[in-house]
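Give me a model of this one.
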Amino acid sequence: MLRVILMAVLLIGPVLGAEPPRPTAVTWTGWFSDKQCARVRPDEEPRPNGTACVKKCLDEGSPAVFISEQAKAVYDVRDYPAAKDDVGFRVEITGDVDEKAKTVSVTSVKRLSEVTAMCLVPKKRRS
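The predicted structure is shown next:
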């Protein structure tokens, strides 16, 4: 009986003590936004939100997010308190992504180009 218990502990121990999945290092392009405004629609390419609106929402306490062109998804920003300074620019970030938590811990940011204000409301068709 003792032998069975010892075997069970030896086999189950490593499974219980297994490390959780590690974040994946990525280099992505996209835009910083705020959680309240950021959306990625499945049928559309990701795009930035209006700069003034995003900055206002960040000032009012909405958390910063990153809209990734590659992942076509929105990730909560971790470890980058200066995200507001880069709103209004298409950027390249390097960081660690946790897909399960939908977070990105930003380690570096490079501004690529300034963006113009965009509205997510579809334009009216002219007859």
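
separation between D96 and A25?
Distance, D96 to A25, by CB to CB, to the nearest Å: 6 Å. Just so you know, the C-beta spots here come from the backbone N, C-alpha and C atoms, and that holds for glycine as well.

I should have written D34 there, sorry.
Taking CB to CB, one finds D34 at 25 Å from A25.

what does S33 give?
From S33 to A25 the distance is 22 Å (CB to CB).

what about those two, which has more around it?
More crowded of S33 and A25, by other CB atoms under 10 Å: S33, with 27 against 11.

for that one, what are its contacts?
S33 sits next to 48-49, 54, 64-67, 74, 87 when contact means CB atoms under 8 Å, 6 or more residues apart in numbering.

ok, 7 Å please
48-49, 54, 65, 67 (CB atoms under 7 Å, 6 or more residues apart in numbering).

So it belongs to a helix, correct?
No - the assignment for S33 is strand, going by DSSP: H, G, I helix; E, B strand; the rest coil, so no helix is present there.

coming back round to it: which ones among the contacts of S33 are found in strands?
Those of these mapping onto strands are 65, 67, per DSSP state E.

Same list as before, the contacts of S33 that is, but in CSV and with distance to V106, neighbour count and pLDDT included.
CSV is the format used below for these (distance: CB to CB, whole Å; neighbours: other CB atoms under 10 Å; pLDDT from 0 to 100):
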residue, distance to V106, neighbour count, pLDDT
P48, 17, 21, 88
N49, 18, 25, 89
V54, 16, 26, 94
V65, 11, 27, 97
I67, 13, 23, 96
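
Perfect, that will be all.
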